[in-house]
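Asker: Take a look and give me a structure for this.
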Amino acid sequence: MLTLNVIGAGRVGRSLAYCCRKTGLFQIGGIINRSSKSTDMAVDYIGGGTACNSMKDMSPSDALMIGVTDGELFNVVKDAYAADLVRPGGLVFHLSGPLSSAELGVFRNKYKAKVASLHLIKSFEAPIRHSRDLSGIYASVEGDDEAVIVLSEMLESLDIKPIRISASHKILYHAASVFACNYLTALFDIALDLMAKAGIDRSLARQALIPLVKGTVSNLEELDTPNALTGPVARADIDLIAKQSRAIAHLDERYDFIYRELGMIALDLTRRAGVHPSDCCDEIAVVLDGPPTQK
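Answerer: Take a look at the predicted model:
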């Protein structure tokens, strides 16, 4: 069985290391986090491995997983390289979304290691409770062919679907995840704020809006975006669009800017769907593109 050292067993690293141990594909070796307390917690959670106070305490392993933040990766790679943590011909991979396997090139040069990046397309507000919590999700993998094969097999054993991508596209790939996840949360907060300004308690507003969001996601599971779009732009309700923009601008000009910018993107979707005549779309564009005072 291959041994796996882990540097950075946070929410994602801890979850993946736990699953790696459960599958039997890897035997967990040394684990190190920022603090000894966090390291001990990770060992307890994973159910295996040895808590290490420094990289010098780690023995060389067949594979090394680095799960630190993007900003820490450069220095951690430098320290791990100096500490000889990988056996010749071993596997080294990190869990960053935007950074590529090129960050690990030094291991390829020194140990003839196979390097890759692996990013789980999932929001981790906390470590997973069970390995099945990762079942059915997707993950991007890029790097050396042999490393991608090993990691893809590991992912498939966890019922995670691997997607091989190009290293040069990782920034755009991760930005897509930001839009789909992080900015969705930001938009939801705007919706809650507008509800509150309409006199509806934030807690009640959340309960009211969550089914709407779930319905939208359900539509997106079945339909492409042009056909899944609903609301005033999809209905070409020009008067309502103008009234909403004015009302929002009166409360917060930032919100109105977002409303109009997203409205223009929604308008592009309606053009693609061909649901409105061209002159109707042009009228909507005039309303969305002008300053709030002219609406």
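
Asker: ranges for the helices of the stretch 51-200 of the chain?
Answerer: 70-82, 105-111, 145-157, 170-177, 183-197 (DSSP state H, counting those that start in this stretch).

Asker: Mind telling me which of the ones you listed the model trusts least?
Answerer: Least confidently modelled of the helices of the stretch 51-200 of the chain is helix 105-111, at a mean of 90 by mean pLDDT.

Asker: Now do it: which elements does it pack against?
Answerer: The contact analysis (3 or more C-beta pairs under 8 Å, 6 or more residues apart in numbering; DSSP states H and E) places helix 105-111 against helix 70-82, strand 86-94, strand 114-120. For every residue, glycine as well, the C-beta is placed using N, CA and C.

Asker: Domain boundaries for the chain, per the record?
Answerer: Domain assignment of the chain by automatic domain parsing yields the ranges 2-165, 172-294.

Asker: Let me know which of those domains is tucked in deepest.
Answerer: Of the domains of the chain, the one with the most neighbours on average (mean count of other C-beta atoms under 10 Å) is domain 2-165, at a mean of 19.

Asker: ok, Y18 to V150 distance?
Answerer: Applying C-beta to C-beta, to the nearest Å, the value for Y18 to V150 is 18 Å.

Asker: got the helices and strands packed on helix 105-111 as a markdown table, with distance to A205 columns?
Answerer: Output for the helices and strands packed on helix 105-111, formatted as a markdown table (distance: least, C-beta to C-beta, whole Å):
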| stretch | distance to A205 |
| --- | --- |
| helix 70-82 | 34 |
| strand 86-94 | 39 |
| strand 114-120 | 31 |
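
Asker: nearest to V233, of those?
Answerer: strand 114-120 (33.0 Å; C-beta to C-beta).

Asker: Show me what the closest one is packed against.
Answerer: strand 86-94, helix 105-111, strand 138-143, helix 145-157.

Asker: how about a cut-off of 6 Å?
Answerer: Of the remaining helices and strands, those touching strand 114-120 by 3 or more C-beta pairs under 6 Å, 6 or more residues apart in numbering; DSSP states H and E are strand 86-94, strand 138-143, helix 145-157.

Asker: Direction-wise, compare the longest one with strand 138-143 and give the angle.
Answerer: Between helix 145-157 and strand 138-143, the angle formed by their directions is 160 degrees, by axes from the mean of the first three to the mean of the last three C-alpha atoms, to 10 degrees.

Asker: need the contact list for S96.
Answerer: D70 (C-beta atoms under 6 Å, 6 or more residues apart in numbering).
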